[in-house]
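Novice: Task: produce atomic coordinates for the following.
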Amino acid sequence: MNQGEHHEVRDEADRVWSGSWVAERLGVELVGDDRLTGLLGLALRRNPKRAHLLVSNVLGKHVPQSPSVVYDHGFELGRRVRDLLGADEARRAVVLGYAETATGLGHSVADGLGPAPYLHSTRRPVDGLTPAGGFEESHSHATSHLLLPEDPTLLTGDGPLVLVDDEFSTGNTVLNTVRDLHERYPRRRYVVVALVDMRSAADAGRLEEFAREIGARVDLVTAASGTVRLPEGVLEKGQELVARYEPESAARDSSAGAAPSWPVGQSPAHPGQRPRGARGTARSALTGPHPDGDGTDPHVTRVDLRWPADLPDGGRHGFTPAHRERLEDALPAMARRLADALPADARRVHVLGFEELMYAPLRLARELERTTDVEVRYSTTTRSPVLAVDDPGYAIRTRLVFPAHDNPADGSGERYAYNIAGAGFDAVVAVVDSAADTPRLHAPDGLLARLAAHTPQVLLAVVPSYAPEAPHAPERPSMLPEPLRGPAFSSYAPEEVGWLLQDLSDVTLEAPTEEREEAIQSGGAHYAESLPVEYQPSEQYQELFHAALDTSAARIAQAVGVVTETVLAERSPRPVLVSLARAGTPVGVLMRRWAQHRHGLDLPHYAVSIVRGRGIDANALRWLAGHHDPRDVVFVDGWTGKGAITRELAQALEEFEKTDGIGGFSPEIAVLADPGSCVRTYGTREDFLIPSACLNSTVSGLISRTVLRADLVGPHDFHGAKFYRELAGTDVSVTFLDAVSARFPEVTDAACAQAKDLLATDRSPTWEGWAAVERISEEYGIHDVNLVKPGVGETTRVMLRRVPWKVLARAGAGSDLDHVRLLAEQRGVPVEEIDALPYTCVGLIHPKYTRGATGADGKAVTL
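Specialist: Residues are numbered from 1 along each chain as shown. Prediction:
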């Protein structure tokens, strides 16, 4: 094949542009360089911020393309960067590519630049390897990108940093990455590289402004430039089209469909073509079937590439010039093994890479194309869900759907391969790394089976996954378990939250309230060593919950919006939400939903245990530090009372940094309501009824309070909790979330305006709640602040879990206290109305025998 083919992008006047279907229906226009329509097509996807998708014809992701065309586009961009920098600066440069779409492009740019080492972001964490950075993609479904270089000094130099993405549109992803890395490792020069510059006029000046802001030079190098003109209402029209065509697309997901008219660079097989090199039968150069697969499919053949030992499979952990030399030496022999394994009559072959694994399959495909007369095409599988429409004017003609097969850290889900079904390939070579060579790959609904339905022969080539050892192995097991997720643990959907807990559902931990409190007092036991019997609400109480939810859903939705917007603006544009189980967990889920609703972000969210007097779960912190940048972690709770947990968290994180040497975690909690003025990040400081405080597990995913007991939780275990599956009949966890989320659209403008106002004000904690608690403690002769529980949420907890003495209610508090009054009536607890009470109500734990009264250390208070 002519490796310079991409310099002569074909005149498409006599062809159907693969963006015409979308353009005609939505009125979308590509305006700019003449090459744009050759480089890009259009498709549709389900996305709250942008329905249309620019589909590259030369990236090697969604559209099968000549591997030489794909590689040479990146290589030439690298040459242009080298010319821009000059030889001296080029030798000091580091290239950073973005997962998943630009991992191969970035590597090709690094090759063109010359001696530059290469790193790409990844969504695959390595236990014990501390991230050197990370980011989220605001426009994408995919998030939690980590930077995991094996060499911790790779990003610390002051030479130019070259950042490579497939397109430069708003620039948010790249600029946020530069801002984050510049704070850690400042340098004088950055170069942004993309196939296309598609910035709007509004975004065009941001790059220069950003460069001035950080005091560095930032250049942009692209193959073509232009913009997308979008008519009014295009998002709604696009969403309507997706809704209309999605059922039809799904019905065709596994069918071959008609042979498409392929975009630029894709020609049909040539019937008279002869291979230049002799090839053997389809069983040469093979190993046996996969030990975990059934190995019986006659259409799937395994090829042993003999990948060089200890050669990285790509740039996930860094790829040096020395690695590049070893790969160049090994490529001819590996390509020969592939050629020998192809069917003798194969004329048209597709090499299919795997998500982030783009470069190794690309180089193998290019070498196969270079050394044989076979027509070779290349693309990769992807996480990105795109609508398929079988029309010549649409970029995604067909779609294969299959389950994820590499045990991803963020949970399983669907994966996709586009434009392969119906393309008439004589063979498909699937190239995966060993981490993805799992039973799911070989399953009846797996990728290999999907491919086998559309081609006479499937070859499987496995590249060994390269995982560096952690530089300092801790004196504890390197593998902490993955988070528990619903429906196996909790009634929440698996993507809503991952629980960094161990499941103690089979252990009997409950005792009647009075017996439990007696045990705590008589033996000095800790409250976290047992559980109270779950309160079973009466029909009247459940009616109160639903009435309160109807009344306060919009109020809560606005508070969720305010606190989430504050976090995104002030704490991190890519926060990792970590809720304090269990009261904080519904709030964390709602914040995650708001980020999806307002910004199209898919934020990671975990729940961890914190125990008064014992601190936060250190193993959960270790897991978080191994999978995310601690500086992106935002701890989330439901509300503040007098601020005890706020102080507990700060002390625990300080101790953790001393013992483990891991810093970066911020003790600043984000809460929905801060009536005690204990935190800076909140949705409101009003003390009103949050319906999730009315109930226990049945509004918290059916999860118990957390448990910390030495005979159940070892030094290398997460804290424990129980999943009350038997209470599913009364579970309102999702009902609560859905009711609040449904009000997001109507409160969006008000929440954003309120958050903007708050960001401009002094929100320093006054701790006025703590002062009020001290005063009440003295006035009522209690003399211990730990027996005073301020606020609607804390008072509700007293009524449900403790032995209450009194409830102090602010005069005229109204319906926010209906449920408290009902509980007080059921338990025979007096309610006293007080003027000028800073909280809506305060619950007092019985001060004489202290059943239910626990001190700051979590143990019983004896008066």
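Novice: Every contact and neighbour count from this point should use C-alpha atoms.
Specialist: Noted.
Novice: Show me which helix runs longest in the protein.
Specialist: Across the chain, the longest stretch assigned as helix under DSSP state H is helix 539-566.
Novice: Can you name every helix or strand that it contacts?
Specialist: helix 584-599, strand 670-673, strand 681-684, helix 733-741, helix 744-759, helix 818-827 (3 or more C-alpha pairs under 8 Å, 6 or more residues apart in numbering; DSSP states H and E).
Novice: To residue 462, which of these lies closest?
Specialist: Closest approach to residue 462 among the helices and strands packed on helix 539-566 (C-alpha to C-alpha): helix 584-599, 35.8 Å.
Novice: any idea which helix or strand comes after the closest one?
Specialist: strand 605-608 (DSSP states H and E).
Novice: in its sheet, what does that next one sit against?
Specialist: Strand pairing for strand 605-608, determined by DSSP bridges: strand 498-499 (parallel), strand 576-580 (parallel).
Novice: wait, which of the ones you listed is closest to residue 94?
Specialist: Minimum separation from residue 94 across the strands paired with strand 605-608 (C-alpha to C-alpha) falls at strand 576-580, 27.2 Å.
Novice: mind listing what's buried in the closest one?
Specialist: Neighbour-count burial for strand 576-580 flags 576-580 (criterion: 16 or more other C-alpha atoms under 10 Å).
Novice: contact partners of the lengthiest strand in the chain?
Specialist: Counting by DSSP state E, the longest strand found in the chain is strand 217-229. If you take C-alpha atoms under 8 Å, 6 or more residues apart in numbering as the criterion, strand 217-229 is touched by 28-33, 35-36, 73, 77, 80-81, 188-200, 207-208, 211.
Novice: Could you list the low-confidence segments of the stretch 151-300 of the chain?
Specialist: 249-299 (pLDDT under 70).
Novice: cool, the stretch 551-700 of the chain as well?
Specialist: Within the stretch 551-700 of the chain, the stretches with pLDDT under 70 are 642.
Novice: and residue 664, that's in a helix?
Specialist: No - judged by DSSP: H, G, I helix; E, B strand; the rest coil, residue 664 forms no part of a helix; its state is coil.
Novice: Report the contact partners of it.
Specialist: Shown in contact with residue 664 (C-alpha under 8 Å, 6+ apart): 629-631.
Novice: circling back: run me through the strand neighbours of the longest strand of the chain, direction for each.
Specialist: Partners of strand 217-229 in its sheet, by DSSP bridges: strand 29-32 (antiparallel), strand 189-197 (parallel).
Novice: what helices or strands is the helix or strand just after it leaning on?
Specialist: Next in sequence after strand 217-229, counting helices and strands by DSSP H and E, comes helix 234-251. When contacts are defined as 3+ C-alpha pairs under 8 Å, 6+ apart, helix 234-251 packs onto helix 20-26.
Novice: May I see the buried residues of the helix it packs on?
Specialist: Within helix 20-26, the residues scored as buried using 16+ other C-alpha under 10 Å are 20-23, 26.
Novice: For stretch 315-335, give the mean pLDDT please.
Specialist: Stretch 315-335 shows a mean pLDDT of 95 in the predicted model.
Novice: how far is that stretch from where the chain is centred?
Specialist: On the basis of C-alpha atoms, centre = their mean, to the nearest Å, stretch 315-335 sits 30 Å off its chain's mean C-alpha point.
Novice: In it, which residues are buried?
Specialist: Within stretch 315-335, the residues that count as buried by 16+ other C-alpha under 10 Å are 315-320, 323-324, 327, 331, 334-335.
Novice: So what touches it?
Specialist: Outside stretch 315-335, the residues that touch it by C-alpha under 8 Å, 6+ apart are 103, 107, 115-122, 147-151, 305-308, 311-312, 363-365, 367-368, 467-468.
Novice: From these, which land in strands?
Specialist: Using DSSP E, the contacts of stretch 315-335 in strands are 118-120, 147.
Novice: With neighbour count and distance to residue 714 added, can I get those in CSV?
Specialist: What follows is the ones in strands among the contacts of stretch 315-335, written out as CSV (neighbours: other C-alpha atoms under 10 Å; distance: C-alpha to C-alpha, whole Å):
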residue, neighbour count, distance to residue 714
118, 29, 41
119, 29, 38
120, 29, 37
147, 26, 31
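Novice: what's the nearest residue to residue 158 once chain neighbours are set aside in contact with, if anything?
Specialist: Nearest residue to residue 158 in three dimensions, chain neighbours excluded: residue 187, at 4.7 Å (C-alpha to C-alpha, 6 or more residues apart in numbering). If you count contacts by C-alpha under 8 Å, 6+ apart, residue 187 has them with 157-160, 216.
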